[in-house]
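K.L.:
With the sequence up front, the predicted model follows.
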Amino acid sequence: NSTATELTDIYYVEVVDANGCKSLRVPATVISLPLLDAPLANPPLATICSGDSVTFTATALLGASKFNWYSDINSGTPIDTGIEFNTGAINNSGALDLTQIYYLEAEDDNGCKSLRTPVTVLITPALEVPLANPLIDTVCNGGSAEFVASSLLGSAVEFRWYETIDGDTPVHVGDTFNTP
């Protein structure tokens, strides 16, 4: 049913015996419900770094009581159900952006389903490890060492320098760092 309202069709069944005698006809009614509106996903497109994940949230205009998430437009088995869907970590080991498309479907209490809405994730490639020149510098007491960071592939937007391997706050931002 591609209309916005439900349609009703009535069919009739009768019994005919070997002599051609017929029974009364009994109605059999089919109610065809309208197609659910395609659901919306927020965000409809997300860009993430390699190794990250993204969470999408589903909304429907009317009638949906359930949301199904698929990795393929024709798949019969959802990879997740519910209003929210988290992709889990997606890695991109290539040199170019990677696109992953998921599909969102709304379903009502009667089991009627909408058309599937594509939801796109753009995964940027993993960045190369930065180079520091020199790797080791020896200075006299009270002296300052100068390090210069570079990137082989030139993909770096900025270089951030930290005092610890797992630090949250950089002590300097820029390609050239002079120690205090």
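P.N.:
Ah, there it is. These figures come from a predicted structure and were not determined experimentally.
K.L.:
what separates the nearest residue to residue 55 once chain neighbours are set aside from residue 102, distance-wise?
P.N.:
Of all residues not flanking residue 55 in the chain, residue 86 sits nearest, at 4.5 Å (Cβ to Cβ, 6 or more residues apart in numbering). C-beta coordinates here come from the backbone N, C-alpha and C atoms, glycine included. Look at residue 86 and residue 102: by Cβ to Cβ, to the nearest Å, they are 11 Å apart.
K.L.:
Could you do residue 34 as well?
P.N.:
On the measure of Cβ to Cβ, residue 34 and residue 102 end up 25 Å apart.
K.L.:
before we move on, what about residue 84?
P.N.:
12 Å.
K.L.:
so what sits against both of those two?
P.N.:
residue 56 (Cβ atoms under 8 Å, 6 or more residues apart in numbering).
K.L.:
So which of the two has more stuff around it?
P.N.:
Between residue 84 and residue 102, counted using other Cβ atoms under 10 Å, the more crowded position is residue 102 (22 against 11).
K.L.:
Helix, strand or coil: sort out that one for me.
P.N.:
Assigned state for residue 102: strand (three-state reduction, DSSP: H, G, I helix; E, B strand; the rest coil).
K.L.:
what bridges to it?
P.N.:
Beta-bridge pairing of residue 102 under DSSP bridges involves residue 119.
K.L.:
Let me see the contact set for it.
P.N.:
Per Cβ under 8 Å, 6+ apart, neighbours of residue 102: 56, 69-71, 79, 85, 87, 118-121.
K.L.:
ok, of the residues you listed, which come out buried?
P.N.:
For the contacts of residue 102, a neighbour count by 16 or more other Cβ atoms under 10 Å gives the buried set as 56, 69-70, 85, 87, 119, 121.
K.L.:
For those residues, give me a markdown table that also has secondary structure, distance to residue 134 and pLDDT.
P.N.:
As requested, the buried ones among the contacts of residue 102 are arranged in a markdown table below (DSSP: H, G, I helix; E, B strand; the rest coil; distance: Cβ to Cβ, whole Å; pLDDT from 0 to 100):
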| residue | secondary structure | distance to residue 134 | pLDDT |
| --- | --- | --- | --- |
| 56 | strand | 46 | 98 |
| 69 | strand | 50 | 98 |
| 70 | strand | 52 | 98 |
| 85 | strand | 47 | 98 |
| 87 | coil | 41 | 97 |
| 119 | strand | 47 | 97 |
| 121 | strand | 40 | 97 |
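K.L.:
That'll do, ta.
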